[in-house]
Every structure is written in structure tokens, then in C-alpha cells.
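A.B. asks: need a structure here:
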Amino acid sequence: MSDFGEREIRLGLEKGIREFNESDFFQAHDTLEDVWMDVRGQERLFFQGLIQVSVGFYHLTCGNFAGAEHLLTRGVRKLEEFLPAHRGLDVGDLVARSSAILLQVVAAREGHGEAPDLGTIPGIHSANDLKAGSQVADQGGLTG
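C.D. replies: Sure thing, here's the model as predicted:
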């Protein structure tokens, strides 16, 4: 891939992460989908996972538990292939926290629990910055 293509992918990923971390899940999905269209190979699964998790959380914020369950399940499965980190992102944290919310969604759909607290939706963190406790959105982009 050319340096230009990689630069565009990196900038699109940074933008999508900022949108996700601002809870603008539908816009994050759009941005990440634009990037996904330019990516080839195994990387496509990484971006598909991010897109599906974004749409899953969008469905959750709209009260569509069936859609949230379906897309979070698919997205988490794809992202598990990129543990613990990929492209400088802490994939492990995103997968663990998304999986915990997914369990709450399933329990609520089956009548065994309350709906997840929307305040517990995870952000996407830089693998390097997470150690310092800062979010990618606070950094204005990815580092490392």
C-alpha cells in the first residue's frame, strides 16, 4: 500500500475513533465504512469489527436490543482476531467491555436483567495511552 493510502486510512481511523468516543456511533460507522472500502486483506475484518460494534452501540442507544445483540456479537468475534492490540489500539479492552455489555443486552432481552447503562459504553483507547488512563479522543488522535 502506498504511503498516501496508508495515511488516508490512518486519518479515517482516527476520525472514526473520535466520533465513536463522542458517542456518535452512526457517524463513526459511516467514517469507518469509508476507510474499510479502501482496505484489503485481513485488515478488512478489523474494520468490519469496528463498524459492527459501532452500529451495535447505535442500536443500543435507540433501544433496539435485537440489533445491538446481533451486531455486537459479530463485531466482537471479528475483533477477537486482533487481540490484544492492533493499529495502536487496545482491542482487548474494547472487546472485554463490549462483551460485558453484550451479556447485559442478552439478559435484558431474555427478561433476566436490566438494560445496560448507556454510560458504560466503552471508548476506544490507544494501547499506549490506556496505561496512562487517557482516551484517544482526549489526545486528538492516535499516538504510537
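A.B. asks: Quick check, central residue of the protein?
C.D. replies: Against the mean C-alpha coordinate of the chain, by C-alpha atoms, centre = their mean, the closest residue is residue 50 at 4.0 Å.
A.B. asks: For it, give me its contacts.
C.D. replies: 16, 20, 28, 32, 75, 79, 124 (C-beta atoms under 8 Å, 6 or more residues apart in numbering). Any C-beta I mention is one placed from the backbone N, CA and C, and that applies to glycine too.
A.B. asks: Sticking with the nearest residue to residue 124 once chain neighbours are set aside, tell me its helix or strand.
C.D. replies: Excluding its sequence neighbours, the residue lying closest to residue 124 (C-beta to C-beta, 6 or more residues apart in numbering) is residue 17, at 4.8 Å. Assigned by DSSP states H and E, residue 17 belongs to helix 3-21.
A.B. asks: Please export the C-alpha coordinates of that helix as CSV.
C.D. replies: C-alpha atoms of helix 3-21 as CSV (Å, rounded to 0.1, in the frame of the first residue of the first chain):
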residue,chain,number,x,y,z
ASP,A,3,2.2,5.9,1.9
PHE,A,4,-0.7,8.1,0.7
GLY,A,5,-3.2,5.2,1.0
GLU,A,6,-1.9,4.3,4.5
ARG,A,7,-2.1,8.0,5.6
GLU,A,8,-5.7,8.2,4.4
ILE,A,9,-6.6,5.0,6.3
ARG,A,10,-4.9,6.2,9.5
LEU,A,11,-6.7,9.6,9.3
GLY,A,12,-10.0,8.0,8.7
LEU,A,13,-9.5,5.6,11.6
GLU,A,14,-8.6,8.5,13.9
LYS,A,15,-11.7,10.4,12.8
GLY,A,16,-13.9,7.3,13.3
ILE,A,17,-12.5,6.7,16.8
ARG,A,18,-13.1,10.3,17.8
GLU,A,19,-16.7,10.0,16.6
PHE,A,20,-17.1,6.7,18.5
ASN,A,21,-15.6,8.2,21.7
